[in-house]
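In: Only the shape, not the letters, is given here:
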């Protein structure tokens, strides 16, 4: 495969993923405001970093982007932390021709709840970001080239934790001279990072807005994360994570991503968008094992497009990071001092109402103030991304307090 | 492998599956009453049968068992139809040494809601029953030997529908001279059969008790069924379903069964039974990719035991039969004349409250009487099996009307 063909394939994949993201996230009622300027992706380099587990890493890179202007005393920064399959791209477009803006564009921009006329919104890629092959993502993980060996780390990459994600973000903020955060806010795995920030760096964080996420991974979530990763391990190309330079386990990765999409959704979405519609006219699913319903075909199509930009080892390292997450370790959530606005959805199968309530109760035991807002939208867990604008007023009020 | 070793392996697998079933279904408060006599598994042979899709089959066999005594005018029969991964074994034990009784033993027996002193409870295996390698299951499907070729059908076996399951049960009842059913009752896929009975043979069915099941597979369920089957197709041993005489895709089948178990459950079960407990003392999941939590290890252990008795093609044929299910076809549920007692759980992710309500509304539009009972138990969909005794009073009353 020539480099030109590869680039073309990647452009096609990028267009497909942008379209898929648009399709997955499009929600009626999304405001039409937009950021004035195009967004620029930056790269932060940390020459050396030692993980929570004690592993030394050199040349750690993560991408980041920002919307709005940092004020003179650097007191107006809000950090956005991303979800499992997301990236730093929370708002705006990189190019005018981008099919879709960042995932929380509905609430980030001039006059929006995360008002770029007031706040400096900064958003960073995590370590082991899922989309390691997306040219708009900068991350360090198993797919990265180790400066020691000149080859991809593969499964020799150390286990990293949500606290490691946060520590690297802390170094990024330090490099910009930002010592206090007006708020930390993120959905799903982004909420885990927000909790870790609030427990790990209470002196930095003035407000916390965890969206569709809890203060620890409970047994239920641990099991789901394991089930998500299952198809990857079954793919014969996975080879224990040693596939760099060979054929990556794209089919397993795609099926894993399909299960993620499905378990992060809810039945109203499935039934209003697809119902029992066939994938192809004239191909009745009752007549052949390979004839399918539209929802099956569409989920596979999206998953395949996403798998082209993702990395299977990164997926499994994210699974591990999420499974072992318990914010603040043993002392836990009681360590939080900043006020917390918890946004959740009772339709959420993954971060279910029981886990959200337990988290709120634990934080209150430590004395911090907790507000709770529930949103709907028929998208289950994904309401926190696709329907976040339902919480706009609560977010605006909380950030202004 | 010698035959003796195989038998020993199978005995071990059977013990493991019995223990696993007991563990999965054990619920506090299960009554200690039991059937007086041991249960005998029978075989029904249908020399020829043509599927709804028009495919002729010869020598169709399904297993069945019964509890209680058929009265002189054969008017006291209640048919029990089983769930996706179940069999005819709804109550009692085959041998004194069996670790667990049938799945609905809590409500079947002398003095229980399905009172064997009053009713003749008959329960049959379906076509393409999942547990094709369980010596206590008799079924015809892709794993069966075709009388035409002397080899397993494999993927050349015709697609079968829930209506085919019901038609074979009808032939079984005809062979026993049973022309009317006091009731048809079953959980999950058993509820689909109950609905199909009520729409397909309204003159036979006097009462319908669908438990944790709806009148059609909606888009949401179609997608879940597809996701369940995904690991099987990824297993390199699957080979498009042509694995008889070779190595069956046991790993893929086990992972499929794990996803079934998880999506049929609910978070209270996961968190009270396991929480964040480690699989092995001293092996902190944070320290190695292979160190796991107890819930991950236990789900894999159970799934592996179940995969030893199950068949991957049968799994996928059941997926198809469930996906294409819409009771009564176009006219649908309005065709039902018999009174219906719908037992469901609001914790159910698969047959969610929206699908149950839609089913009840459709039946009422046709003029039939519908009663609805909701049960809890913290087991999600599986409440309909593990916690069915919560509906005991409603079942007794409904059957006596």
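Out: Cool, the structure landed. Everything numeric in this text was worked out from a predicted model, so none of it was measured.
In: Can you tell me the closest non-neighbouring residue to the residue nearest the centre of chain A?
Out: By Cα atoms, centre = their mean, chain A has its centre lying nearest to residue A:83, at 1.6 Å. Excluding the flanking residues, the one nearest residue A:83 by Cβ to Cβ, 6 or more residues apart in numbering or on different chains is residue A:188, at 3.9 Å. All C-beta spots, glycine's among them, are computed from the backbone N, C-alpha and C.
In: quick one: contacts for that neighbour?
Out: Shown in contact with residue A:188 (Cβ atoms under 8 Å, 6 or more residues apart in numbering or on different chains): A:83, A:84, A:211, A:212, A:213, A:264, A:350, A:351, A:381, A:384, A:385.
In: now do residue A:42
Out: With contact taken as Cβ under 8 Å, 6+ apart, residue A:42 is in contact with A:63, A:64, A:65, A:66.
In: so the third one, which of the three states?
Out: It stands for residue A:65. Of the three states, residue A:65 takes strand under DSSP: H, G, I helix; E, B strand; the rest coil.
In: and the gap between it and residue A:373?
Out: Distance from residue A:65 to residue A:373, counting by Cβ to Cβ, to the nearest Å: 26 Å.
In: where in the stretch 1-150 of chain A is pLDDT low?
Out: Residue ranges of the stretch 1-150 of chain A with pLDDT under 70: A:1-36.
In: Within range of chain B, give me the residues from it.
Out: residue A:53 (Cβ under 8 Å from any Cβ of the partner chain).
In: try it again with 10 Å
Out: A:52, A:53 (Cβ under 10 Å from any Cβ of the partner chain).
In: Over to residue A:78. Which of the three states is it?
Out: On the three-state scheme (three-state DSSP), residue A:78 is labelled strand.
In: Return the distance of the helix or strand that contains residue A:397 from the chain's centre.
Out: Residue A:397 is part of helix A:392-400 when elements are defined by DSSP states H and E. On the basis of Cα atoms, centre = their mean, to the nearest Å, helix A:392-400 sits 22 Å off its chain's mean C-alpha point.
In: Against chain B, how distant is residue A:144?
Out: To chain B, residue A:144 is 17 Å away according to Cβ to the nearest Cβ, to the nearest Å.
In: meant to ask about residue A:297, not that
Out: On the measure of Cβ to the nearest Cβ, residue A:297 and chain B end up 9 Å apart.
In: before we move on, what about residue A:141?
Out: Counting by Cβ to the nearest Cβ, the gap from residue A:141 to chain B is 13 Å.
In: That residue - how many residues pack around it?
Out: 21 (other Cβ atoms under 10 Å in any protein chain shown).
In: Please apply the same query to residue A:46.
Out: 18.
In: Now it: which helix or strand?
Out: Residue A:46 belongs to strand A:42-50, assigned by DSSP H and E.
In: ok, that strand: who's next to it in the sheet?
Out: strand A:56-67 (antiparallel) (DSSP bridges).
In: how about the strand it pairs with: buried residues?
Out: Judged by neighbour count (16 or more other Cβ atoms under 10 Å in any protein chain shown), strand A:56-67 contains these buried residues: A:57, A:60, A:62, A:63, A:64, A:65, A:66, A:67.
In: Equivalent analysis for stretch A:96-110, please.
Out: By neighbour count on 16+ other Cβ under 10 Å, the buried set for stretch A:96-110 is A:98, A:100, A:101, A:102, A:103, A:104, A:105, A:106, A:107, A:108, A:109.
In: can you give me the helices in chain A?
Out: For chain A, helices defined by DSSP state H occupy the ranges A:3-25, A:162-175, A:189-200, A:219-234, A:250-263, A:267-273, A:294-309, A:312-323, A:353-365, A:383-386, A:392-400.
In: For residue B:357, find the nearest of the ones you listed.
Out: Nearest to residue B:357, of all those, is helix A:267-273, at 11.6 Å by Cβ to Cβ.
In: For chain B, tell me whether the closest one is touching it.
Out: Yes: using Cβ under 10 Å from any Cβ, helix A:267-273 reaches chain B at A:267, A:268, A:269, A:270, A:271, A:272, A:273.
In: How about stretch A:228-237?
Out: Yes: using Cβ under 10 Å from any Cβ, stretch A:228-237 comes into contact with chain B via A:228, A:229, A:230, A:231, A:232, A:233, A:234, A:235, A:236, A:237.
In: dump the residue contacts of whichever residue of the stretch 1-150 of chain A sits closest to chain B.
Out: Distances between the stretch 1-150 of chain A and chain B by Cβ to the nearest Cβ are smallest at residue A:53, namely 7.1 Å. For residue A:53, the contacting residues are A:158, A:159, A:160, A:161, A:163, A:164, A:324, B:286, B:287, B:288, by Cβ atoms under 10 Å, 6 or more residues apart in numbering or on different chains.
In: same thing but at 8 Å, please
Out: Residue A:53 makes contacts with A:158, A:159, A:160, A:161, B:286, B:287, as judged by Cβ under 8 Å, 6+ apart.
In: With adjacent residues omitted, what lies nearest to the third one?
Out: Think residue A:160. Closest to residue A:160 by Cβ to Cβ, 6+ apart is residue A:127, at 5.0 Å.
In: List the residues that contact the nearest residue to residue A:221 once chain neighbours are set aside.
Out: Using Cβ to Cβ, 6+ apart and skipping residues adjacent in sequence, the residue nearest residue A:221 is residue A:350, 6.1 Å away. Residues in contact with residue A:350 (Cβ under 8 Å, 6+ apart) are A:188, A:221, A:224, A:263, A:264, A:381.
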